[in-house]
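**Student:** Using only what follows, build the 3D model:
(one chain, ligands or ions: 1)
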Amino acid sequence: MKKTIEVKNLSKSYQGVSVVKNLSFDVKRGEVFGLLGANGAGKSTTIECILGTRSMDSGSAFILGMSPKNERKNIFEQVGVQFQETNYPDKIKIWELCEETESLYNDTKDYNILLKEFGLYEKRKNYIAELSGGQKQRLFIVLALIPNPKVVFLDELTTGLDTKARRDVWKCLLDLKKKGLTILLTSHFMDEVEELCDNILILKKGNEVYRGSVDKAIKNSPYENFEDAYLWYSGEEN
Ligand SMILES: Nc1ncnc2c1ncn2[C@@H]1O[C@H](COP(=O)(O)OP(=O)(O)OP(=O)(O)O)[C@@H](O)[C@H]1O
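**Tutor:** Got it, this is the predicted structure:
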């Protein structure tokens, strides 16, 4: 099957401190891939290096066969990104932000449908400042999906969402996956990872400590449930 994301020997350091060490992995079309690890393990840095928003020290990354360094514009058209902290002006209404995002792309999804799917349609005339944390989080996912992307990067997917909102988001993403969307996500919630991810990579201080399916992660650990196994791999056990 075709590789949608291809990362080879990616390394990155900040001021001489190595935080991502020689990572290699592939994500296939329609796969949900989870990048996991404790706070500071190197997940966001890895994503930023893959997207080319941060330079890597060595290694390479390709999205849809394109290098984010050299083909930024083409990639921008086909890749959706939800960042952990996104600074949008507070005094802009939801629909205005959606329109603005839509205007940046050639091929887009109907944002009103996305707002309905993510339970935000009733809020479309509100300002961002008037949304709750969870509603903002869902809006950032909607904005990532407006370009009708082939690939989305979702950093800390459902942080701040209540139980029902998390499940609604999972359902929407699984529907999109069925249509061929490739998803790379980070999450600190292992129930979510079990529900969504085909494959995972667990980072510990920038090193790969496990890569493969959730089932195999459990089998290769001394534990019987995924959260315990994850804590064992990631070194968060104690
Ligand atoms: N701009 C920066 N300058 C210096 N060090 C940084 C910078 N950004 C991140 N770091 C450090 O790099 C390491 C990896 O950070 P990163 O944000 O990639 O981790 P993470 O796995 O995404 O963490 P979290 O789960 O908390 O979001 C951390 O030790 C962090 O302090």
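**Student:** Please make it C-alpha for all contacts and neighbour counts, starting now.
**Tutor:** Will do.
**Student:** pretty sure Glu6 is touching Met66, no?
**Tutor:** No. Here Glu6 lies out of contact with Met66, judged by C-alpha atoms under 8 Å, at a distance of 9.6 Å.
**Student:** Give me the more crowded residue out of these two.
**Tutor:** In this view Glu6 and Met66 are compared by other C-alpha atoms under 10 Å, and Glu6 has more residues nearby, 19 against 16.
**Student:** could you pull out the strands for this structure?
**Tutor:** Using DSSP state E, the strands of the chain run over 3-14, 17-28, 32-37, 58-63, 79-82, 151-154, 182-186, 199-204, 207-212.
**Student:** What is the fifth one packed up against?
**Tutor:** Packed against strand 79-82, as judged by 3 or more C-alpha pairs under 8 Å, 6 or more residues apart in numbering; DSSP states H and E, are the following elements: helix 133-145, strand 151-154.
**Student:** Could you tell me the least trusted of the strands of the chain?
**Tutor:** Note on the strands of the chain: lowest mean pLDDT is at strand 79-82, with a mean of 88.
**Student:** Name every strand pairing with that strand and say which way it goes.
**Tutor:** Strand 79-82 has its sheet partners listed here by DSSP bridges as strand 151-154 (parallel).
**Student:** Please enumerate residues in contact with the strand it pairs with?
**Tutor:** Here strand 151-154 makes contact (C-alpha atoms under 8 Å, 6 or more residues apart in numbering) with 4, 47, 78-83, 141, 144-145, 181-186.
**Student:** And stretch 100-119, by the same measure?
**Tutor:** Counting by C-alpha under 8 Å, 6+ apart, residues outside stretch 100-119 touching it are 77, 98, 121, 124, 138-139, 142-143, 145-148, 168-169, 172.
**Student:** now swap in stretch 171-185 and tell me
**Tutor:** Taking C-alpha under 8 Å, 6+ apart as the rule, stretch 171-185 contacts 4, 27-35, 117-118, 149-157, 196.
**Student:** out of these, who's near the ligand?
**Tutor:** Residues of those in contact with the ligand (C-alpha under 6 Å from any ligand atom): none.
**Student:** who's in contact with the spatially closest residue to Leu157 that is not a sequence neighbour?
**Tutor:** Excluding the flanking residues, the one nearest Leu157 by C-alpha to C-alpha, 6 or more residues apart in numbering is Ser187, at 6.0 Å. Going by C-alpha under 8 Å, 6+ apart, Ser187 touches Gly34, Leu35, Leu36, Asp155, Glu156, Leu157, Thr158, Thr159, Val193.
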